[in-house]
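1. Sequence first, then the predicted structure, then my questions.
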Amino acid sequence: MQKLVHKRIFWSLLILSVLVAGLIIRLAWVQLLLKNQQVSSSGYTMAQMAEIQSERETVLDSGRGRLYDRNGEPLAGETVWTAALFPQEESLPLHTVTGEPAGDNQLHRLAEILGVSYSQLQSRRTGLKEPLLWPSGKGDTPLALSLSEAREVEELGIEGVKALPFARRYDGAASGRQWLGYLSEASGEALRQSPTGLRIPRTGTDGLEKTLEPLLQGVGHTEAVAQVDARGNRVPGSPIVVKAPGNPYYPLSLYTTIDKKLQESIEQLAAEAGVKEGAVVVLDSQSGDIAAMVSLPFYNPEQISPQGGEWNNRALQAAVPGSIFKIVTAAAALEAGLTSPEEPFYCKGEYGKYGLTCLNGKGHGALTMAQGFAVSCNTVFATLAERLSGAQLNAAALALGLGRDIGWQAENTLGLPLLRPLSGEQTGTIFTTLLPDDGGARVQTAIGQRDVRITPLQAANLVVTLLHGGEVRAPRILQRVAFANGQTLKELPGHLAPAPQDRISKATARVLLSMMRKVVTEGTGRTLQGLEWPVAGKSGTAQTLVKGVARNNQWFIGYGPVDHPRYAVSVAVENVAPSSPQAAAKLFGQVFELLSGSTGA
């Protein structure tokens, strides 16, 4: 009997040993050989999956490149301080980092800093299983803390509560910076994974975010990570760890030509003026750089509505220009030797054909060509149009940078076949039919109606072109790309916009500029005479239709100060009722008052 018992014990121990040995071999197999194999349909190795399942993380920085204004002020990717709340250890009361229970005073003060009640704070913290960046209430954007508030959060020493730097892409507010664009979730081949594989990155969908996507792509997320158990509670004694790619060169910093303070101020002016649709463009008259570009209605890059269309940049969209196109007509006639500023005309209020009249059918009487330009007399310009050919009008427009792309671009730059920062720039049109030599077509075109379409950017650049004696500059919005450590990767100098036609002469440019000054001293821009800086310009009112309803586009474009031009500005107020007061000239004046006050006389 005893022998049988020993035999059973032997076989039991043998079977148990075989099972233990098999388990050891299996564990060794997994640890040494299978840990780097990919788990089916997950995209991760077994080692990564084990790490992922024991971690809870929150993304502090997507690793995407930053966009700055000309002065280094952040436009996209600003680093702010925010409060991060992490899961608590199981069955432990809310406590401080020293292990003492967190007092009501500390928690009440934290609630005050976060702008919520004590009970709201407690309800969010209790049972927290995922890290929480305290929300601002504006979309998904975390609440931004001041530096002093961030320091106080840390000094409170509440366990599981940290003040951490967060790379905020946008501030959650609506603005007129459609040139910035917006992001959407990446998909397909563009999908890239974070270090833990739990974050789907976003990719540029419009504006600079899209056109500069290859330069803005990062090298991985920065995340704050907490170790948790199977129930989602913090592992006792485990620290909150920040994981970052640690690359000293990326993400890249991209510096634009935009003046953020000026941009914000003009956005405020346009909003206060009640402009619903339109654009304001400010160019540096020397370089042609874009200092500000405001599009209305405003858009929020974090709340994009494909149907709403607010994300469209109206500064780059062509619209009917009206009488500002008379600059082109005057240039064509002067270049062809068909008129002079002193040539006499007589306006009865009606041209006599094509149904053309001057404003309200009132005649201007006897006046010179220069005076006709100042008061925007349709009779004078209809007469000039009938002397010109369609080809001459078209050539003058092209020579002045209209009817074609003008935005800055460069081939084979920064690893890209073509670097073209401005997205969606429209070329506009002069003639769209084969009847440019029909008298009625030429007359309507000469006063900026019929098929003529130009963008507010082209209109401002037209003024820069005249200030440069007929040279068409390419408006630039991106000027420098730098590594994360501040070292310059590439300077992007300005250049001319190649023209398919010869430029206009310097003499013609000088005459046009002097006639634009008359618009302010004697003509339709007289309300602008009292500005700090003397300015010159041209007004325009264009008739258009919106869903069959008569509407007007109001324009004013010009430069200042007259003696030493520093800025060229175009203002387009689109699709207003025909009886609306002239808002474009008023806003133009306000913009120049702003410019003179911010830069000095």
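-> Here it is on my side, so go on. Numbering: from 1, shown residues only.

2. residues of stretch 57-74 that come out buried?
-> 57-70, 74 (16 or more other Cβ atoms under 10 Å). In this view, the C-beta of every residue, glycine as well, is placed from N, C-alpha and C.

3. Stretch 475-486 too?
-> 475-482, 484.

4. among those residues, which are in strands?
-> Using DSSP state E, the members of these that fall in strands are 478-482.

5. What is the nearest of those to Pro165?
-> Of all those, Pro165 sits closest to Ala482, with 19.7 Å by Cβ to Cβ.

6. ok, and the closest non-adjacent residue to that closest one?
-> Setting aside the residues directly before and after it, Ala482 is nearest to Ser253 in space (Cβ to Cβ, 6 or more residues apart in numbering), at 4.5 Å.

7. if I read this right, the one you found contacts Leu478, doesn't it?
-> No. Look at Ser253 against Leu478 with Cβ atoms under 8 Å: they stay out of range, at 11.7 Å.

8. Near the residue nearest to Ala482, how many other residues are there?
-> 22 (other Cβ atoms under 10 Å).

9. buried stuff in stretch 73-81?
-> 74-78, 80-81.

10. Got phi/psi on Lys518?
-> Main-chain torsions, Lys518, degrees, to the nearest 10: phi -60, psi -30.

11. so where's the stretch 1-150 of the chain uncertain?
-> Applying pLDDT under 70 to the stretch 1-150 of the chain flags residues 1-6, 10, 22, 26-54, 89-103, 139.

12. mind running it again at 90?
-> By pLDDT under 90, the low-scoring segments of the stretch 1-150 of the chain are 1-62, 85-107, 119, 122-132, 136-141.

13. Helices of that one, residue ranges please.
-> Secondary structure of the stretch 1-150 of the chain by DSSP state H, counting those that start in this stretch: the helices cover 2-29, 46-53, 104-114, 118-125, 147-156.

14. how close does the residue most central in space within the chain sit to Glu223?
-> The residue lying closest to the centre of the chain (Cα atoms, centre = their mean) is Leu180, at 1.4 Å. Remark: distance between Leu180 and Glu223 (Cβ to Cβ, to the nearest Å) = 26 Å.

15. What distance do you get for the closest residue to Leu85 other than its chain neighbours to Val18?
-> Nearest non-adjacent residue to Leu85, counting by Cβ to Cβ, 6+ apart: Leu132, 4.5 Å away. Per Cβ to Cβ, Leu132 is found 49 Å from Val18.

16. Settle it for me: which of those two has more neighbours?
-> A side-by-side neighbour count of Leu132 and Val18, using other Cβ under 10 Å, places Leu132 first with 18 against 10.

17. Might you report the residue contacts of the residue nearest to Gln409 when sequence neighbours are not counted?
-> Among residues not flanking Gln409 along the chain, Arg420 sits closest, at 4.1 Å (Cβ to Cβ, 6+ apart). Going by Cβ atoms under 8 Å, 6 or more residues apart in numbering, Arg420 touches 211, 407-409.

18. try Asp171
-> 78, 141.

19. again, only using 10 Å
-> 74, 76, 78, 80, 136, 138, 141, 144, 300-302 (Cβ atoms under 10 Å, 6 or more residues apart in numbering).

20. Closest one of those to Val116?
-> Ser136 (11.4 Å).

21. Leaving out sequence neighbours, find the closest residue to the closest one.
-> Nearest residue to Ser136, sequence neighbours excluded (Cβ to Cβ, 6+ apart): Leu143, at 4.3 Å.

22. Arg387 now?
-> Spatial nearest neighbour of Arg387, chain neighbours left out: Leu338 (4.7 Å); criterion: Cβ to Cβ, 6+ apart.

23. Backbone dihedrals for Val328, please?
-> Dihedral angles phi and psi of Val328 (degrees, to the nearest 10) take the values phi -70, psi -40.

24. Hmm, Gly428 and it touching each other?
-> No. When contacts are counted by Cβ atoms under 10 Å, Val328 is not listed as touching Gly428 (11.5 Å).

25. For the two, work out which one has more neighbours and name it.
-> Val328 (29 against 24).

26. List the contacts of the more buried one.
-> Residues near Val328 by Cβ under 10 Å, 6+ apart: 321, 393-400, 402-403, 430, 445-446, 448, 452, 454, 462, 504, 512.

27. For the chain, name the helix or strand with the lowest mean pLDDT.
-> The weakest-scoring helix or strand in the chain, judged by mean pLDDT, DSSP states H and E, is helix 46-53 (a mean of 46).

28. which non-adjacent residue is nearest Ala76?
-> Closest to Ala76 by Cβ to Cβ, 6+ apart is Leu67, at 4.2 Å.

29. For that neighbour, give the beta-bridge partners.
-> On the basis of DSSP bridges, Leu67 is bridged to Ala76, Leu254.

30. which ones are touching it?
-> Residues in contact with Leu67 (Cβ under 10 Å, 6+ apart) are 74-78, 169, 180-181, 207-209, 212, 216, 252-256, 258, 478.

31. Repeat that for Arg169.
-> By Cβ under 10 Å, 6+ apart, the contact set of Arg169 is 61-62, 64, 66-67, 74, 76-78, 140-141, 180, 182-183, 202, 209, 301-302.

32. so what pLDDT did it get?
-> pLDDT, Arg169: 93.

33. ok, now how distant is it from Ala370?
-> For Arg169 relative to Ala370 (Cβ to Cβ), the value is 51 Å.

34. circling back to that earlier point, what sits against the residue nearest to Arg387?
-> Neighbour list for Leu338: 332, 383-384, 387-388, 392 [criterion: Cβ under 10 Å, 6+ apart].

35. Turn those into a markdown table, including distance to Leu85, neighbour count and secondary structure.
-> Output for those, formatted as a markdown table (distance: Cβ to Cβ, whole Å; neighbours: other Cβ atoms under 10 Å; DSSP: H, G, I helix; E, B strand; the rest coil):
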| residue | distance to Leu85 | neighbour count | secondary structure |
| --- | --- | --- | --- |
| Ala332 | 68 | 28 | helix |
| Thr383 | 75 | 22 | helix |
| Leu384 | 71 | 26 | helix |
| Arg387 | 76 | 13 | helix |
| Leu388 | 71 | 24 | coil |
| Gln392 | 70 | 20 | helix |
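
36. Pick out the most distant pair among the residues you listed.
-> Within these, Thr383 and Gln392 form the most distant pair, 14.6 Å apart (Cβ to Cβ).

37. picking that back up, give me the buried subset of the contacts of Arg420.
-> Buried among the contacts of Arg420 by 16+ other Cβ under 10 Å: 211, 407-409.

38. Let me have the helices of the stretch 1-150 of the chain in a markdown table, extended by distance to Gln307.
-> Output for the helices of the stretch 1-150 of the chain, formatted as a markdown table (distance: least, Cβ to Cβ, whole Å):
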| stretch | distance to Gln307 |
| --- | --- |
| helix 2-29 | 56 |
| helix 46-53 | 38 |
| helix 104-114 | 35 |
| helix 118-125 | 34 |
| helix 147-156 | 39 |
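
39. can you give me the strands for the stretch 301-450 of the chain?
-> 344-347, 365-368, 410-413, 416-419 (DSSP state E, counting those that start in this stretch).

40. Parallel or antiparallel, which strands does the last one pair with?
-> Taking DSSP bridges as the criterion, strand 416-419 sits next to strand 410-413 (antiparallel) in its sheet.
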